[in-house]
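Visitor: Next input, structure requested:
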Amino acid sequence: QVQLVESGGDLVQPGGSLRLSCAASGIIASIFRSYDMGWYRQAPGKQRELVATISSGGSTDYADSVKDRFTISRDYAKNTVYLQMNSLKPEDTAVYYCNARRVTLVRTYDYWGQGTQVTVSS
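Guide: Residues are numbered from 1 along each chain as shown. All right, here's what the predicted structure looks like:
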């Protein structure tokens, strides 16, 4: 069973930076690299939304609201995905979740972490 553990959430002032980490356990590196990874967030009273994704091959995509401010990356050797967040705004306040997804011919593997709180406030 794959487990995802997020860390790095904190209270930060507007304009500040944070780096979130998502460590995957219960999976060997050679299998982990076949997963597409993503960061999502959910603010109070709002639906969960996609923030950024990185494919198994390293291609990245971002929500328009975070382009040029956030960067997603992955370390295949450490089974870890990162989200570097710069120029943070109050509207970035949310619980951030890590997702791992792998689609095969017979099933879809879909795992979520427990979330880490990011609060942007002065």
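
Visitor: Could you give me the buried positions within the longest strand along the chain?
Guide: With secondary structure taken from DSSP state E, the chain has its longest strand at strand 94-103. By neighbour count on 16 or more other C-beta atoms under 10 Å, the buried set for strand 94-103 is 94, 95, 96, 97, 98, 99, 100, 101, 102. Using the backbone N, CA and C atoms, a C-beta is placed for each residue, glycine as well.

Visitor: Buried ones in the helix or strand of the chain with the lowest mean pLDDT, by neighbour count?
Guide: Ranking every helix and strand in the chain by mean pLDDT, DSSP states H and E puts helix 29-32 at the bottom, with a mean of 85. Applying a neighbour-count criterion of 16+ other C-beta under 10 Å, one finds residue 32 buried in helix 29-32.

Visitor: can you check stretch 77-84 too?
Guide: 79, 80, 81, 82, 83.

Visitor: what pairs with the fourth one across the strands?
Guide: Note on residue 82: beta-bridge partners by DSSP bridges are residue 21, residue 73.

Visitor: Contact partners for it?
Guide: 19, 20, 21, 22, 72, 73, 74, 75 (C-beta atoms under 8 Å, 6 or more residues apart in numbering).

Visitor: ok, back up a step: which two among the buried residues of strand 94-103 are spaced furthest apart?
Guide: Using C-beta to C-beta, the buried residues of strand 94-103 span at most 25.2 Å, a distance reached by 94 and 102.
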